[in-house]
Structure formats: structure tokens, C-alpha cells
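Trainee: sequence unknown, structure follows:
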């Protein structure tokens with residue numbers, strides 16, 4: 001599995017590229033997290049799983065060609081089938097299997113903006129993301145959040161405004177002590193902030209600050225990408241985001257261009273957060289674009 005290609009088609013929701021890729025060698029792995037909750041790793045975003053006497057609830061579903069492998073891997077967790085599917089946002093590595101589960105009449109739940117973006121697709125300067133088929137669309141949508149009472153606990157879904165996208169949700173498994181943060185958390189790596197899908201640098205940080213008060217040291221954190229994490233790792237991630245954004249914002253106020261900031265190594269010391277899809281230079285581009293757009297929109301730019 002080549003992670004660069006996987007993430008590139010994933011984060012942009014490119015269904016055509018995903019269909020052309022060979023998924024035959026992808027291995028899926030299910031690991032217990034706490035209580036009723038497991039995590040499934042394969043290709044794409046981490047899948048959260050509630051499994052028990054009521055059946056199975058999935059948080060995200062990776063790519064369509066992986067659905068048979070996913071179903072086989074989760075079958076031993078419960079004698080009953082998949083009963084609900086939650087989408088944390090609209091990107092293809094988190095929603096690619098929607099149509100397969102929708103065809104089996106599994107109700108799909110997501111924020112209103114997830115349905116809108118899946119339904120309409122998107123046009124980017126370098127690509128076209130086609131509309132999703134009707135069976136892939138969420139059938140239950142919400143504005144602020146929703147609760148599913150399942151397998152002996154309240155599974156509380158909370159929408160957070162413009163961050164990774166404009167349709168982000170996080171999922172609290174309240175009795176198990178687990179939270180799935182979708183792509184508001186990339187573990188020990190720089191995040192992808194999808195400004196073209198309503199994402200926001202400042203909103204991303206603000207959302208993480210709001211969530212911080214709801215996460216206790218005992219809780220396990222499932223990121224959208226990466227390993228199951230602790231509160232200490234969450235705090236390190238938030239501190240990195242605040243400092244890197246502050247450095248780039250200071251440069252913008254000083255009138256520096258993005259190329260000047262790169263040349264000056266504005267994020268020096270944070271190179272270890274870079275990875276195959278988001279290099280340090282690309283993260284500078286992302287922060288600069290998001291913060292410059294916000295500054296222009298607020299009228300602060302002269």
C-alpha cells in the first residue's frame with residue numbers, strides 16, 4: 001500500500017481514482033480500544049466500531065472496494081449486522097463505502113453539509129469530484145448533533161463549525177470512554193485543512209480548544225488518521241497547530257509572502273510533523289492561504 005497515493009485520493013474524495021486503484025493487497029486490522037469500541041485500520045480514515053448485543057455501528061467506511069474485507073473483519077464482533085453508519089465528514093476515504101452499506105438499507109447519519117457536498121460533488125482547478133450516487137447519501141442529517149442509544153451507551157455525535165471541512169462531526173462513546181475525532185485530529189502529523197470545503201485554520205484550532213474541556217486523561221482518542229492516542233498527544237498536537245499558525249500569521253502581518261516564509265524556514269523545529277502527503281512547505285502553503293483569506297475577509301488587509 002502506498003500511503004501517498006492513498007491519502008491523496010482520499011482527502012480529495014476522488015471516487016474515480018479510488019476505483020482504479022488495486023485494493024487487493026490492503027489488509028484491514030481490527031483492534032479493541034475500550035468498552036464496546038474497536039478501531040479498524042486499512043486504507044483511508046480510521047473506522048470506529050461499536051459492537052455488542054444490538055449489532056454494529058460504524059463511524060466512517062473507507063473505500064468502496066474494501067467493504068467486503070471490512071464486513072469480514074467486523075463479523076466476529078457481533079452476532080447481529082451493521083445497524084448504523086456515521087460519517088464524520090464528506091471526504092472519499094471516510095465515505096467511499098456508503099453506497100454499499102446504503103444498498104443494504106443501513107441508515108447513514110451525517111451533518112447536513114456532508115449530504116450537500118456528497119450530493120453536488122465539487123469542481124476544483126485540477127479535478128472534478130462527481131456527485132455521489134443516491135444510495136451513498138446520508139438519510140438522517142442534523143445541524144448541531146444527534147445521539148444514538150446503542151449497545152448500552154449513548155453515542156453522542158457533535159457537529160463543530162468550519163474546521164477540517166464545514167461538515168465535521170466528532171463521536172463520543174460516553175460509557176466506553178472513547179472519542180472519534182475524524183480529521184480534526186491527525187495524531188503526530190500535520191493535518192489537511194480543506195479550505196475549498198469550508199475548512200478554516202482558525203476554526204480548526206478553535207474546535208480543538210472547545211473539545212479539550214470534554215476529553216479527560218482516561219479517554220482514548222481515535223484520530224482520522226494515525227494510531228489511537230492519549231490526551232497528552234492531543235495537547236501536543238494542539239500546541240503545534242497554535243504555534244505554527246501564530247508564526248505564519250505573524251509573517252502575514254509583516255507583509256511577507258508565502259515564498260519568503262518558506263525561505264526563512266518559518267516552521268523550523270516542526271519538520272518531524274511532516275509526512276508523505278503534507279510536507280512542511282505544503283503546510284506553510286495551507287496555513288498562509290487559510291489565514292490570508294481570513295484576514296482579507298475580515299477587512300484587516302490594506
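Mentor: On my side now, so go ahead. Keep in mind the model is a prediction, meaning the values are calculated, not measured.
Trainee: hey, let's count contacts and neighbours off CA atoms from now on
Mentor: Noted.
Trainee: buried ones in the helix or strand where residue 239 lies?
Mentor: Using DSSP states H and E, residue 239 sits in helix 231-253. Neighbour-count burial for helix 231-253, counted by 16 or more other Cα atoms under 10 Å, picks out 231, 234, 237-238, 240-242, 244-245, 247-249, 251-252.
Trainee: I'd like the next helix or strand past that helix.
Mentor: helix 258-263.
Trainee: got the contact list for residue 185?
Mentor: Residues in contact with residue 185, defined by Cα atoms under 8 Å, 6 or more residues apart in numbering, are 191, 223-225, 234, 237.
Trainee: Which member of those is positioned nearest residue 90?
Mentor: For the contacts of residue 185, the minimum distance to residue 90 (Cα to Cα) is 12.5 Å, reached by residue 224.
Trainee: what sits against the closest one?
Mentor: 45-46, 180-186.
Trainee: Go again with 7 Å.
Mentor: Contacts for residue 224 (Cα atoms under 7 Å, 6 or more residues apart in numbering) come out as 45-46, 181-183, 185-186.
Trainee: Make a markdown table from these and add secondary structure to it.
Mentor: Formatted as a markdown table, the contacts of residue 224 follow (DSSP: H, G, I helix; E, B strand; the rest coil):
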| residue | secondary structure |
| --- | --- |
| 45 | coil |
| 46 | coil |
| 181 | coil |
| 182 | helix |
| 183 | helix |
| 185 | coil |
| 186 | coil |
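Trainee: which of these has the most neighbours?
Mentor: Using other Cα atoms under 10 Å as the neighbour criterion, residue 45 leads the contacts of residue 224 with 30 neighbours.
Trainee: Pull the contacting residues for residue 248.
Mentor: Counted by Cα under 7 Å, 6+ apart, residue 248 has contacts 266, 287-288.
Trainee: JSON lines for the contacts of residue 224, including distance to residue 158 and pLDDT?
Mentor: Converted to JSON lines, the contacts of residue 224 look like this (distance: Cα to Cα, whole Å; pLDDT from 0 to 100):
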{"residue": "45", "distance to residue 158": "18", "pLDDT": "98"}
{"residue": "46", "distance to residue 158": "18", "pLDDT": "98"}
{"residue": "181", "distance to residue 158": "10", "pLDDT": "98"}
{"residue": "182", "distance to residue 158": "11", "pLDDT": "98"}
{"residue": "183", "distance to residue 158": "14", "pLDDT": "98"}
{"residue": "185", "distance to residue 158": "15", "pLDDT": "98"}
{"residue": "186", "distance to residue 158": "18", "pLDDT": "98"}
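Trainee: May I ask which helix or strand of this structure has the lowest mean pLDDT?
Mentor: Of all helical and strand segments in the chain, the minimum by mean pLDDT, DSSP states H and E falls on helix 3-11, at a mean of 44.
Trainee: Closest one of the contacts of residue 248 to residue 64?
Mentor: Of the contacts of residue 248, the one sitting nearest to residue 64 (Cα to Cα) turns out to be residue 287, at 31.6 Å.
Trainee: give the contact list for that closest one.
Mentor: 201, 245, 248.
Trainee: And the residue nearest the centre of the chain?
Mentor: residue 183 (2.3 Å; Cα atoms, centre = their mean).
Trainee: what sits against that residue?
Mentor: Contacts for residue 183 (Cα under 7 Å, 6+ apart) come out as 164, 223-224.
Trainee: mind listing the strands for the stretch 151-300 of the chain?
Mentor: Secondary structure of the stretch 151-300 of the chain by DSSP state E, counting those that start in this stretch: the strands cover 153-159, 169-173, 178-180, 220-222.
Trainee: Now render those as a markdown table, adding distance to residue 40 and mean neighbour count.
Mentor: Compiled in a markdown table, these are given as follows (distance: least, Cα to Cα, whole Å; neighbours: other Cα atoms under 10 Å):
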| stretch | distance to residue 40 | mean neighbour count |
| --- | --- | --- |
| strand 153-159 | 18 | 20 |
| strand 169-173 | 15 | 25 |
| strand 178-180 | 12 | 25 |
| strand 220-222 | 10 | 24 |
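Trainee: Now distance to residue 279 too, for those, in a markdown table please.
Mentor: Shown next, in a markdown table, are these (distance: least, Cα to Cα, whole Å):
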| stretch | distance to residue 279 |
| --- | --- |
| strand 153-159 | 29 |
| strand 169-173 | 26 |
| strand 178-180 | 25 |
| strand 220-222 | 23 |
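Trainee: closest to residue 146 out of those?
Mentor: Comparing the strands of the stretch 151-300 of the chain by Cα to Cα, strand 153-159 comes nearest, at 5.2 Å.
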